[in-house]
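S.K.: Any chance you can model this:
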Amino acid sequence: MSPSPTREVRRLLGPADPTDGRPLTAPHDRRADLDRILATSPPRPARPVARRLVAAAASLALLGVAGLQFAPQPRPAFAATPALLQFSGGDGAASELLVTIADRAAGAPAAARTGDHEHLVVESWGLWTSVDGERVASAVIPSRAESWRGPDDSGRRDTRFEDAQFTSPASEWLWRAQNLFGDGLDATSEDYPAGRFPAMWAGQPPAGDLDDWLHIAHPRENGPVETIVAVTDLVRERLLTPATRAAALRVVARLPGLTHDGTVTDRAGRTGAAFSVTSAESGLPTRHTLIVDPGTGVLLGYEQMLTTDAGRLDVRVPAVIGYETYLTADWTTLPR
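M.R.: Here you go, the predicted structure:
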C-alpha cells in the first residue's frame, strides 16, 4: 500500500514539519495546536537527501493550522511561477530515443580526476503552500546546494536559501502569521566525519542493471514517477560514471507512459532532450520531466508542472511548481 501524502511529506521534510510529526487533535484542541506551532523556534530546513518538490501539493495536509477555520477571506493573487519551458519537435518514440542516448552515455568520457571528492552543485526552486481555512498563502523559495563527498563517506554540504518571494502583502502576512519558517531559512554548512555523509543509498551504485537497486527506497507501487524521483535522488548525491548514467537512463526508458517532449533549453541555457511521465500520485495531475544532454546522457534538470488542476494551490495551470538544475558534477578536493 502506498504511504499517505501526509506521512510521505512528513518523512521528506522532516524537521521542517512544525507539528513535529505528531497528529493534530480534535477540533476543540486545534487552538492549542496553533499556539504550540507558533511558539516553536524557527525550524532548520530538512536535508535535501530525498526531497521532492512535488510535495508542495501534498503539504496542504502537513501544516498544523490547516484544520483551523477562520472567516472566509479573499484569496491572494496567483503565485508567480517560472515561465513554462518551450519544447520543439517531440514525438512518440521516447523509449527508443532514450536507449540511444544511454548508449552514447556509456561511451562518453568520464569526468577528469582532479581530486578525490565528488563535487555536486544543484540549484532548485520550490513552491511552498499553506492553507488556513479559506485563505491560501504561497511562497517561492529558491535554493542552492553544494556538496563534497569523500571516498570514506566524509564530506561537507552547504545549502543557501534565497529570500522567500510573495505575490502580495496579504499572502506574506498570512505566511508570517503562521510562522512557517520563522524569520527565514538559514544557510547551512555541515561537515560529516567518515561514514556519516547523509545519503539515500550506502556505497556506489552496482554495475549492470540498476532497476532493483534504485527501488530499494523508492517503492514500485508508487508508480512510474517513483522511478523518476529515484534517478533524481541519485543525481543529487553521486557523481555518476558513464556506465551508471547509461544504466539509469535505461531504467527510465522502460517506464510505461514515457513521452519524448522534444528539444528544450533548460534553466541554465543548455540544450537537452525532454522525457516526461504524467501522474496524479501527488494528489494533482503533474508532469515530471527529465532533461538530458542528448550527446552524453548527462542529466541537466528535473521539472514538475501541474497540468490541469491546481487544487488549493494559488497558481494558474499549467504551472511549474518545482525544478532542479544540475549545474556541476566533477571531482575536486574538499575546500578548507
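
S.K.: all helices of the stretch 201-336 of the chain, in order?
M.R.: 211-214, 224-237, 242-253 (DSSP state H, counting those that start in this stretch).

S.K.: Just want the angle from the second one to helix 242-253.
M.R.: Read that as helix 224-237. Angle, helix 224-237 to helix 242-253, by axes from the mean of the first three to the mean of the last three C-alpha atoms, to 10 degrees: 160 degrees.

S.K.: And helix 224-237, what does it pack against?
M.R.: For helix 224-237, the packing partners by 3 or more C-beta pairs under 8 Å, 6 or more residues apart in numbering; DSSP states H and E come out as strand 117-132, strand 135-149, helix 211-214, helix 242-253, strand 271-279, strand 286-292, strand 299-306, strand 319-332. The way it works is simple: take the backbone N, C-alpha and C, and place the C-beta from them, glycine included.

S.K.: same check, this time on the shortest one
M.R.: Contact partners of helix 211-214 among helices and strands, from 3+ C-beta pairs under 8 Å, 6+ apart: helix 224-237, helix 242-253.

S.K.: Which of the ones you listed sits closest to Thr271?
M.R.: Among the helices and strands packed on helix 211-214, helix 242-253 comes nearest to Thr271, with 17.2 Å by C-beta to C-beta.

S.K.: How about residues contacting that closest one?
M.R.: 94-95, 98-99, 101-103, 105-110, 204-205, 207-211, 214, 227-228, 231, 234, 238, 240, 258, 275, 290, 292, 297-299 (C-beta atoms under 8 Å, 6 or more residues apart in numbering).

S.K.: and that helix, average pLDDT?
M.R.: For helix 242-253, mean pLDDT is 98.

S.K.: Of all the helices and strands packed on helix 224-237, which one is nearest Ala187?
M.R.: strand 135-149 (9.3 Å).

S.K.: next structured bit after the closest one?
M.R.: strand 155-161 (DSSP states H and E).

S.K.: Just list the residues touching the nearest residue to Thr227 once chain neighbours are set aside, thanks.
M.R.: Using C-beta to C-beta, 6 or more residues apart in numbering and skipping residues adjacent in sequence, the residue nearest Thr227 is Leu255, 5.8 Å away. Contacts here follow C-beta under 8 Å, 6+ apart; on that basis Leu255 touches Pro224, Thr227, Ile228, Val277.

S.K.: Dump the residues you listed into TSV; add neighbour count, pLDDT and distance to Gly262 as well.
M.R.: Formatted as TSV, the contacts of Leu255 follow (neighbours: other C-beta atoms under 10 Å; pLDDT from 0 to 100; distance: C-beta to C-beta, whole Å):
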residue	neighbour count	pLDDT	distance to Gly262
Pro224	19	95	20
Thr227	23	97	21
Ile228	26	97	18
Val277	23	96	15
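
S.K.: just those now: which is nearest Thr332?
M.R.: For the contacts of Leu255, the nearest to Thr332 is Ile228 (28.1 Å; C-beta to C-beta).

S.K.: wouldn't that closest one be in contact with Val292 here?
M.R.: No. Using C-beta atoms under 8 Å, Ile228 is not in contact with Val292; the gap is 12.0 Å.

S.K.: what's the next secondary structure element after the worst-scoring helix or strand of the chain on mean pLDDT?
M.R.: Taking mean pLDDT, DSSP states H and E as the measure, the chain has helix 55-58 as its least confident helix or strand, at a mean of 37. Counting by DSSP H and E, the element after helix 55-58 in chain order, helix or strand, is strand 88-91.

S.K.: Thank you kindly, that will do.
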